[in-house]
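**Q** this is a predicted model, with the sequence first.
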Amino acid sequence: MKLYDFPLSPYCQKVRLVLAEKELSYDKVFVDLTKSEQRSPEFLRLNPYGKVPVLIDDEEVIYDSTFINEYLDDEYPHPPLRPEPSGDRARVRMFEDFADTSFTAQCGLLYAEQRKPEDQIDHERVQHYQGDVIRVLEFLDRHLNGKEYLVDEFSLADLAFTPRLLILSQLGVELPSRLRHVSAWIKRLSQRPCVEQLLKELNMA
Ligand SMILES: N[C@@H](CCC(=O)N[C@@H](CS)C(=O)NCC(=O)O)C(=O)O
């Protein structure tokens, strides 16, 4: 298996977490987004959207972290990362979508703003994005009341949030102490071997 990867990409990290959880071996192909390698004709043949990650498994070429992770869970079902009942599976998918579009994306805007030269940072915008991120965490905290994981057992839903949860402090987001269910969840996630492995690979351990 080959993963077209840019290590800082949270969507690539989401797939790397699943590959690690399932103990699958694979080769990484570095796609340098800073050199626009994702726009090369060869890469666009793999993913017409010009985005990482892309997974190649034998003849299969799959793009988009959510589709890749579902493919991996179908093809390599041990350990399973989605519950059986259709309603729960739909909930996993809804959380993944929510993580990608309303959490990871918002953290990305925050990250981009904070990386600007100091005199170009729009601090009001930073505060606005930080507020958005906290509102998602508040929503998750209410949902996690009485639960260890978002949907039944540990699943793709939890993994979809993990990459950005791991760098909240780097984003200047201080987790409010009242969000104790989220705090316990992050602790639980951080202790999983797949997360420890990713942090080591990214020199963040
Ligand atoms: N929905 C896609 C999003 C992938 C995505 O946005 N990847 C970014 C890196 S974090 C990318 O490749 N950006 C390059 C570009 O847009 O030119 C997924 O889940 O895989």
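**A** Structure's in. What do you need? This structure is a prediction, so every number in the text was calculated from the model and none was measured.
**Q** what segments of this protein are strands?
**A** In the chain, strands defined by DSSP state E lie at 2-5, 27-30, 54-57, 60-63, listed in chain order.
**Q** possible to save those strands as JSON lines with distance to Glu138 and mean neighbour count?
**A** To be clear about C-beta, it is placed using only N, CA and C from the backbone, and glycine gets the same treatment. Formatted as JSON lines, the entries for the strands of the chain read as follows, by distance: least, C-beta to C-beta, whole Å; neighbours: other C-beta atoms under 10 Å:
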{"stretch": "strand 2-5", "distance to Glu138": "32", "mean neighbour count": "20"}
{"stretch": "strand 27-30", "distance to Glu138": "36", "mean neighbour count": "13"}
{"stretch": "strand 54-57", "distance to Glu138": "34", "mean neighbour count": "20"}
{"stretch": "strand 60-63", "distance to Glu138": "32", "mean neighbour count": "16"}
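**Q** tell me which of those lies nearest to Arg188.
**A** Smallest distance to Arg188 across the strands of the chain (C-beta to C-beta): 25.8 Å, for strand 2-5.
**Q** close to the ligand, is that closest one?
**A** No - judged by C-beta under 6 Å from any ligand atom, strand 2-5 makes no contact with the ligand; its nearest approach is 9.3 Å.
**Q** got the contact list for that strand?
**A** The contact list for strand 2-5, computed with C-beta atoms under 8 Å, 6 or more residues apart in numbering, reads 12, 15-16, 19, 26-31, 43, 46-47, 52-56.
**Q** re the thing from before, can you put the strands of the chain in a markdown table and add distance to Ser86 and mean pLDDT?
**A** Putting the strands of the chain into a markdown table (distance: least, C-beta to C-beta, whole Å; pLDDT from 0 to 100) gives the following:
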| stretch | distance to Ser86 | mean pLDDT |
| --- | --- | --- |
| strand 2-5 | 29 | 98 |
| strand 27-30 | 34 | 98 |
| strand 54-57 | 25 | 98 |
| strand 60-63 | 22 | 98 |
